[in-house]
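Predicted coordinates and the sequence they were generated for:
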Amino acid sequence: MTAVALEATTASDGNTAGRVGIRVGAAMLGAMLLAGLLVPLLSEYHPNELIAVPLQPPSLQFLFGTDQLGRDVFTRVFSAVYRDLGVAFLGVSIPLVTGTAVGVLLSVSTSRVLVAFVTSLIDAINALPLLVLAIALIALFGPGLQSIIIVLAMTNWARYARIARTRAMLVKQQAYIEAARLQGYPAWRILLRHFLPNVSSETIAYGLSDFILVIMLISGLSYLTLGAAPPTAEWGAMMSEGRPFVQDAWWMTIFPGLALCWAGISLSFITEGLSRRERGGP
Amino acid sequence: MPGGRRMEAATTPDEASPRSGAPIRLFLHQAWRRLLRAAGVATWVMVIAFCLIRLAPGDPVLARLGPEADPVAIDKLRRDLRLDVDPFTQFAEYGWGLLHGSLGTSIETQRAVIDIILESLPVTLWIIAVTILLAIAMSVPIALYVAQTRRSAVPYLFRASTSVLLAIPAFFTALIGLIVFGLHYEIAPIIGYQPGFPANLRFLWLPALVICTHLVPVLSRVLHSSIVETMGEEFVETGIIRGIGRPRFYWLYLLKPSLAPTVVLLSYMVGVMIGSTVIIETIFSLPGIGRSLVGAVISRDYPLVQGCVLVFGLFVVGVGVVGDILANWLDPRVGLS
């Protein structure tokens, strides 16, 4: 039937399509990182300097126009690259490390009370939408990019811990763990050399797709004025500043938004390509 | 014709689940266990909501009133928030209040938190309901088409376009929607809300459509892959050979056996969605619970923040239970644990 035909045609191209996806995504991401490095260096304007007549439409002099204070949107969009991606990197890598560690330790822990306690805590954190929990915690820490990193470190680990634990439970039953134990290796060595590489491949894969979600979370919080505060050049904050002027000065919101989409799409091509190469088909 | 109906039923996929005797007891047993687990998670959500205020580094009262506040005002707020007694008494009072349907009093408006929530929750529920209906109406045809098409380019196009859509933040789509439909064509109101069906649909269709740009890709992908899996089953071939009528074939042979994973996912996605309604409600100025939460966070109205978080959490837990039980009913092969 159709299903059979479908599988037959896609399995063979899966690899090629995957590789194309990874290359396109990496090129897009590389271009953005390069522009984020070069534009602030080469631009004659400072991202926070008031240099021109406010609310000018895009022109050759100001490629993305100017904002309500007369700052160059082009310079601002690109000087935000490392800020947005950097905060997102921290927001992914810290929970990735702690979550993986917690998950692995849970799978080998012998204390049933501790396991039950931590597992239900993980369930509860995962039950709350990440954005809701993040917003509520920002009420405590106050708005700012730093608080976003703290909040993500406090909440996002639970998702990694769940994945790591499920994976580690499978790893635990593998023969190579048994073999390592019989050879008399100390526990830390088994954890670091045998558990960790096999578990972290799974959590890193999730981390890649989580990167997109975290970028959106950071810019979304900034859009709600709970993240980066003006005059910081950050995509979500810039869009939120442009919101009152959206009718006349669309360039203030559209260009930071497009930068956000560019980053998201490049990452999604990479993750999509990687997962397709692994499974060999869409 | 009861006899004829039974014969027919025996050859449809439904045959896998004769709902009588032991299976029902098993179903009830599993449902009960699922409920117990949900109750455990709900308790934890309650504890987290309770701890939110108390976790604050430094003093939440000072954070709200500022370092140079009047000591009398500080004392009063501390007493109003019940932060002057020990945590166990606080927790007991909080739990006792919950049992009586009380979530405390908002600092900002001096109104009961439960009233504010009951006022804004229906708006959010309407957004979610309209979004789900729209998403199902779009995902089912898309998934059926992609699963059955013979053009090999379609699955790739489907895959690529869904991943692009998923990578575009909803609040950007929302702003574009506002510019295009609200300001340029003026077919969507950009501000205000009018309760009551069907008047509210005028305000809800665009926000729902925006959330659908994230929901439809996920739903249609999962539905697509489970339809492809179903198409490999023998009963589908049997259905084709027996020449079952089209609508019947689509529903009983293709969709119903494929729906279970989608339903589980949908109930999970409702949880993710209720998170994105926070941003969407703010952009479209809809007076839902998400906007209440953002307002409460900005004004540091802790009891309201706590109440909103609790309601969000309980809602997600509840939807998860409903989704799992519904999926088990649709396809008993799906376990409830």
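Yep, that arrived. Numbering: from 1, shown residues only, chains lettered A, B, ... in the order given.

now chain B, which segments are flagged as low pLDDT?
B:1-22, B:55-60, B:63, B:333-337 (pLDDT under 70).

Mind telling me what element the residue nearest to the spatial centre of it is part of?
Compute the mean C-alpha point of chain B, and by Cα atoms, centre = their mean the closest residue is B:Val270, 1.9 Å away. If you go by DSSP states H and E, B:Val270 is part of helix B:256-283.

those helices in the stretch 1-150 of chain B, which residues are they?
All helices of the stretch 1-150 of chain B, identified by DSSP state H, counting those that start in this stretch, fall at B:2-11, B:22-54, B:60-65, B:71-80, B:87-99, B:113-148.

how about these, which one is nearest chain A?
Minimum separation from chain A across these (Cβ to the nearest Cβ) falls at helix B:22-54, 3.2 Å. Every residue, glycine included, has its C-beta placed from N, CA and C.

quick one, that closest one and helix B:87-99 angle?
Helix B:22-54 runs at 130 degrees relative to helix B:87-99, counting by axes from the mean of the first three to the mean of the last three Cα atoms, to 10 degrees.

how close does A:Leu258 sit to chain B?
Remark: distance between A:Leu258 and chain B (Cβ to the nearest Cβ, to the nearest Å) = 8 Å.

who does whichever strand or helix holds that residue touch, helix- and strand-wise?
Element membership for A:Leu258 (DSSP H and E) is helix A:251-279. Judged by 3 or more Cβ pairs under 8 Å, 6 or more residues apart in numbering or on different chains; DSSP states H and E, helix A:251-279 is in contact with helix A:2-42, helix A:73-79, helix A:81-108, helix A:196-223, helix A:235-242, helix B:153-167, helix B:170-177.

Show me which residues of it are buried.
A:251-257, A:259-274, A:276-277 (16 or more other Cβ atoms under 10 Å in any protein chain shown).

And the next helix or strand past the helix holding B:Val270?
Once the chain leaves helix B:256-283, the next helix or strand it forms, by DSSP H and E, is helix B:289-298.

List the buried residues of the helix or strand just after that following helix.
Scanning forward in sequence from helix B:289-298 by DSSP H and E, the next helix or strand is helix B:302-330. Across helix B:302-330, burial judged by 16+ other Cβ under 10 Å covers B:302-317, B:319-321, B:323-328, B:330.

how near is B:Ser161 to B:Ile168?
Taking Cβ to Cβ, to the nearest Å as the measure, B:Ser161 falls 11 Å from B:Ile168.

Looking at these two, which is more packed in?
B:Ile168 (21 against 11; other Cβ atoms under 10 Å in any protein chain shown).

Can you verify my assumption that that one contacts A:Ser268?
No - B:Ile168 lies out of contact with A:Ser268 (Cβ atoms under 8 Å); the separation is 9.5 Å.

Enumerate every residue touching the residue most central in space within chain A.
Taking Cα atoms, centre = their mean, the centroid of chain A lies closest to A:Phe211, which sits 1.6 Å from it. Taking Cβ atoms under 8 Å, 6 or more residues apart in numbering or on different chains, we find A:Phe211 in contact with A:88-89, A:92, A:267.

can you list those in CSV and add pLDDT?
Below are the contacts of A:Phe211 laid out as CSV (pLDDT from 0 to 100):
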residue, pLDDT
A:Ala88, 95
A:Phe89, 95
A:Val92, 95
A:Leu267, 92
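
Filter those down to the buried ones.
Here, 16+ other Cβ under 10 Å leaves A:88-89, A:92, A:267 buried among the contacts of A:Phe211.

Pick the one among these closest to A:Ser201.
Set against A:Ser201, the nearest of the buried ones among the contacts of A:Phe211 by Cβ to Cβ is A:Val92 (15.6 Å).

will you turn the helices of the stretch 1-150 of chain B into CSV that also has distance to chain A?
Below are the helices of the stretch 1-150 of chain B laid out as CSV (distance: least, Cβ to the nearest Cβ, whole Å):
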stretch, distance to chain A
helix B:2-11, 19
helix B:22-54, 3
helix B:60-65, 7
helix B:71-80, 15
helix B:87-99, 16
helix B:113-148, 6
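
and of the buried ones among the contacts of A:Phe211, the nearest to chain B?
A:Leu267 (6.9 Å).

Identify the residue spatially nearest to the residue of the stretch 201-337 of chain B found nearest chain A, adjacent ones excluded.
Nearest to chain A, among the residues of the stretch 201-337 of chain B, is B:Gly275, at 3.0 Å (Cβ to the nearest Cβ). Nearest non-adjacent residue to B:Gly275, counting by Cβ to Cβ, 6 or more residues apart in numbering or on different chains: A:Pro129, 3.0 Å away.

Spatially nearest residue to whatever residue of the stretch 101-250 of chain B ends up closest to chain A (excluding sequence neighbours)?
Nearest residue of the stretch 101-250 of chain B to chain A (Cβ to the nearest Cβ) works out as B:Ala167 at 3.4 Å. Distance criterion Cβ to Cβ, 6+ apart; nearest residue to B:Ala167, sequence neighbours excluded, is A:Gly264 at 3.4 Å.

thought the one you found was touching B:Ile168?
Yes - applying Cβ under 8 Å, one finds A:Gly264 in contact with B:Ile168, separated by 6.4 Å.

Dihedrals phi and psi, A:Gln61?
Main-chain dihedrals, A:Gln61, degrees, to the nearest 10: phi -70, psi -40.
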